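Asker: Below is the sequence, then the predicted model.
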Amino acid sequence: MDRAILLLSVMCLGVSSQPITDSQRMFSIAVSRVQHLHLLAQRLFSEFESSLPTEEQRQLNKIFLQDFCNSDYIISPIDKHETQRSSVLKLLSISYRLVESWEFPSRSLSGGSSPRNQISPKLFDLKSGILHLIRANQDAEELFPDTSTLQLAPYGNYYQSLQADDSLRRNYELLACFKKDMHKVETYLTVAKCRLSPEANCTL
């Protein structure tokens, strides 16, 4: 899937002979931002996972597969075929909700290292860029009558008092869900951007 997204991004950059529009430029910026966040999420998760004993990695992975991410409450395409059939506005709307769902939990990802401290401001920039794209395609008030209602509760019970043995699991889930959601947003924005190039083949 990651290789398909990369190929799709390259095709969208060079396939059309038409001048680059403001909308295409904004999409390019948004895709670049989420690609950076996705790579950062992969790096943080890999570093955390590699610090754990093999058996503990295996057990945490089993637990994570049985749990849900906070953002799973956001209705999104179930596979690549549904993603390709979705409209640009739908893909933008889902991406916006996914990014906004990390407004609170991203604070727990921050701290300790410079890359971690980049997460919250970069999520804010990405969210602002996506909203700008939505407004460029449709009246934002019609799609988002009250953006405050889109905010999800903090990630699970992560902000409640954690037992010492539960903290490890919550950190694992938080990083795994962040990586999963940034991959989703990267896919949706890449497909939406490709739609602006009529000659491009936007298959995943």
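Answerer: Perfect, I can see it now.
Asker: Check which helix or strand Phe68 maps to.
Answerer: Secondary structure from DSSP states H and E places Phe68 outside every helix and strand.
Asker: Give me the mean pLDDT for stretch 173-190.
Answerer: For stretch 173-190, the mean pLDDT works out to 94.
Asker: Which positions in the helix or strand hosting Met182 come out as buried?
Answerer: Met182 is part of helix 164-194, with elements assigned from DSSP H and E. Counting neighbours by 16 or more other C-beta atoms under 10 Å, one finds that the buried residues in helix 164-194 are 169-194. (Each C-beta comes from the backbone N, C-alpha and C, glycine too.)
Asker: so how far is His81 from the closest residue to Gln57 other than its chain neighbours?
Answerer: What sits nearest to Gln57 in space, not counting adjacent residues and going by C-beta to C-beta, 6 or more residues apart in numbering, is Glu49, at 5.7 Å. Glu49 sits 31 Å away from His81, going by C-beta to C-beta, to the nearest Å.
Asker: again with Ser101
Answerer: 24 Å.
Asker: Compare neighbour counts for the two and give me the winner.
Answerer: Neighbours per residue (other C-beta atoms under 10 Å) separate Ser101 from His81, with Ser101 holding more: 23 against 11.
Asker: Is the more buried one in contact with Asp181, as I believe?
Answerer: Yes. Ser101 lies in contact with Asp181 (C-beta atoms under 8 Å); the separation is 7.2 Å.
Asker: what residues do the two have in common as contacts?
Answerer: Common neighbours of Ser101 and Asp181, using C-beta atoms under 8 Å, 6 or more residues apart in numbering, are Ser71.
Asker: which non-adjacent residue is nearest the residue sitting nearest the centre point of the chain?
Answerer: Centroid check for the chain by C-alpha atoms, centre = their mean gives Met182 as the closest residue, at 2.5 Å. Excluding its sequence neighbours, the residue lying closest to Met182 (C-beta to C-beta, 6+ apart) is His38, at 4.0 Å.
Asker: Quick one: classify that neighbour as helix, strand or coil.
Answerer: What DSSP: H, G, I helix; E, B strand; the rest coil gives for His38 is helix.
Asker: So what touches stretch 33-45?
Answerer: By C-beta under 8 Å, 6+ apart, stretch 33-45 touches 9, 95, 109, 115-116, 118-119, 122-123, 125-126, 129, 175-176, 178-179, 182-183, 185-186, 189.
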